[in-house]
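Student: I would like the atomic coordinates for the input below:
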Amino acid sequence: MNTRTSTALAATLAATLALGAAGCSGGKQAGGAGEGGKNPAAANVGATIGGTPHKGGTLTVLSNQDFTHLDPARNWVMSDMDFGTRLLYRTLVTYRAAPGTGGGELVPDLATDLGTPSNDAKTWTFHLKQGVSYEDGSPVTAQDVKYNVERSFSPDLPGGADYAARYLAGAEGYRGPAQGKHLDSVKTPDDHTIVFELRKSFAEFPYATVMPTFAPVPQAQDKGPQYDNRPFSSGPYKVDSYDRGKKLVLVRNDKWDPKTDEVRKAYPDKLVVVMGLKQNQIDDRMIASQGADASAVPWYALRPESAAKVLPSAEVRSRLLAESQNCTDMVQMHTGRAPFDNVKVRQAVQYALDRDAVLTSSGGPAFNDPSTTYMPAALFGGKQPDTLKIPATGDVEKARQLLKEAGKPDGFSTKITVSSGDKGRGEAIQQSLGKAGIKVTIETVDPSAFYATIGDIKNRTDMVYTGWCPDYPSGSTFLPFVFDGRFIKEKGNSGNHSLFRDEATMKRMDEIAAMTDTKQAAQAWQQLDGEILAQAPAVPVLVRRWPLVLGTNIAGAYGHTSFGGQLDYATVGLKDPAKSQG
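Tutor: Residues are numbered from 1 along each chain as shown. Here you go, the predicted structure:
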């Protein structure tokens, strides 16, 4: 395609993605779950609660865990990305700070615009704003963005978004900027211009530059893996202290210039993240909202067991956010090991799984929607198809028949790894598979170590319970990341936890990625979803909401649809800063 066609494609894509976002977070769909279309958790979907914040005070975040990563080269967990990119560092492009469908709109951040494509969208040029500084007053440069993109390839910095590895020309075999090695496909002709040369056309590239990979890191500040403990701020806050697993304190970065930033409001003077608390205690404290907790927010979603304390109370419900995560929870099976190298064994798991039981263990239909496909409903125009027609409660007899055909008439024993916060879901999976003769042992892992554990492909269990969120509303940011076998890593493996390697599937992914008609591509991704589902490398289970009960002194709060429903830390603050403590 020529340059004019490429520009038109980008405009068409933006319109298509806006429609996709509407399908994900529109009030009608969100409020449709539950009895009679009245979901008691959906009252504040697409809304901001608490009014407009006042500047000042301390916002406290109560957490059961540490962050997985705050280093922008490694930060690829939705909530962590929200926290890092809204508070500590800026990216070339970001999402608008708005509730509902408005949160799906791209806006410039470090860059002056959303990038300029050329060479059939294989070349993208961004110009950086003037006057953007780090916490020491030194200027943010294009070379700093290039350096962080390069360091994201470093073997000692695993876990980050791999768009650069997938799309940059000449990236094969690159292992970071150690010993002065750099990527020729990222050019910085001056301090305020950065040019990316891609190996294939990619009209969606601006969406990739929302990722923390495209935040700046000055080479002089890089401390390798230790950078995780003290990112150098280009955002409105900087790290004052960080005691891993216990407390993180952020204070204002007085070198941040709000005139250069249309997204971040930076209302609180300070943010204090208190870690290591028990989740049930956090839920109870947020529901009560007494004293200092009135100026607090929870980090993690409300426990399913706490729903009975929240939903009956109109006052507590008025402080409840429950946006859809737009992410699919899955049971992923190691397709490279017996017995899961046998498709009939994997299909037996598909049929044995009682999705209703897992949904109930997750808080019921107020906080979850069942899933019949891998991609969420937003990527199917608002409603997932049900091609397999497996009952939501499972089909034990069909599962046993498949096991018999696979040479496992007596079933087998296996292990599943779940985050400690998903233990109840793991037990529901264990019980339902057990009815078909599949005996499952559950291994729980602390959330902060979960992705590192399941990303170690030599030492992980044969089954894992995890999920995937599209980085933006396109099938290209879902299926290739979960099922393309060419990007599997021995450590720090992300997305493809079934270790699925299928040549026909990968060839089809490349064909769809090359399509210039976005409607045709969307339909092709939908069809491919069903084709992979038939091979059963993973079992889709549910799409969660992200329920958060906020303190009574919190204002400017909404769940951001592009960050999995997590609170948007760009805009949240306090009604009365004088009432906060810390």
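Student: packing partners of the longest strand anywhere in the chain?
Tutor: Ranked by number of residues, the top strand in the chain under DSSP state E is strand 320-333. If contacts are counted by 3 or more C-beta pairs under 8 Å, 6 or more residues apart in numbering; DSSP states H and E, strand 320-333 sits against helix 3-25, helix 343-352, strand 463-468, strand 538-549. For every residue, glycine as well, the C-beta is placed using N, CA and C.
Student: state the pLDDT value of Ser6.
Tutor: Model confidence at Ser6, given as pLDDT, is 30.
Student: oops, could you answer that again for Gly34 instead?
Tutor: pLDDT, read off for Gly34, is 34.
Student: same check on Ala514?
Tutor: 84.
Student: all numbers from here: first residue = 887
Tutor: Renumbered: residue one is now 887, and that last one reads Ala1400.
Student: ok, it - contacts?
Tutor: Lys1086, Ser1087 (C-beta atoms under 8 Å, 6 or more residues apart in numbering).
Student: that one and Ala1335: what is the separation?
Tutor: 38 Å (C-beta to C-beta, to the nearest Å).
Student: before we move on, what about Leu1453?
Tutor: In terms of C-beta to C-beta, Leu1453 sits 23 Å off from Ala1335.
Student: ok, these two, which is more surrounded?
Tutor: Per other C-beta atoms under 10 Å, whichever of Leu1453 and Ala1335 has more neighbours is Leu1453, with 27 against 14.
Student: can you pull up the bridge partners for the more buried one?
Tutor: Gly1445 (DSSP bridges).
Student: so it touches Leu1434, yeah?
Tutor: Yes: Leu1453 lies in contact with Leu1434 (C-beta atoms under 8 Å); the separation is 6.0 Å.
Student: so what sits against both of the two?
Tutor: By C-beta under 8 Å, 6+ apart, the residues touching both Leu1453 and Leu1434 are Val1183, Leu1207, Gly1445.
Student: ok, and the closest non-adjacent residue to Gly1177?
Tutor: Spatial nearest neighbour of Gly1177, excluding adjacent residues (C-beta to C-beta, 6 or more residues apart in numbering): Gln1467 at 7.7 Å.
Student: OK, contacts around the one you found?
Tutor: Thr944, Thr946, Gly1177, Ala1178, Ser1181.
Student: then Ser1175?
Tutor: Contacts of Ser1175 (C-beta under 8 Å, 6+ apart): Arg1205, Gly1437, Thr1438.
Student: likewise Arg1130?
Tutor: Asp952, Asn1115.
Student: next, it: phi, psi?
Tutor: The phi/psi pair for Arg1130 (degrees, to the nearest 10) reads phi -50, psi 130.
Student: what's the pLDDT at it?
Tutor: At Arg1130, pLDDT is 96.
Student: now it: how far from Ile1173?
Tutor: In terms of C-beta to C-beta, Arg1130 sits 28 Å off from Ile1173.
Student: try Ala927
Tutor: Distance from Ala927 to Ile1173, by C-beta to C-beta: 14 Å.
Student: those two: which has the busier surroundings?
Tutor: Ala927 (27 against 19).
Student: did I read that right, that one in a strand?
Tutor: No: going by DSSP: H, G, I helix; E, B strand; the rest coil, the assignment for Ala927 is coil, not a strand.
Student: who touches it in this structure?
Tutor: Ala927 touches Gly920, Leu1197, Arg1203, Leu1206, Ala1208, Ala1252, Phe1253, Arg1431, Pro1433, counting by C-beta under 8 Å, 6+ apart.
Student: the same query, at a cut-off of 6 Å, please.
Tutor: Ala1208, Ala1252 (C-beta atoms under 6 Å, 6 or more residues apart in numbering).
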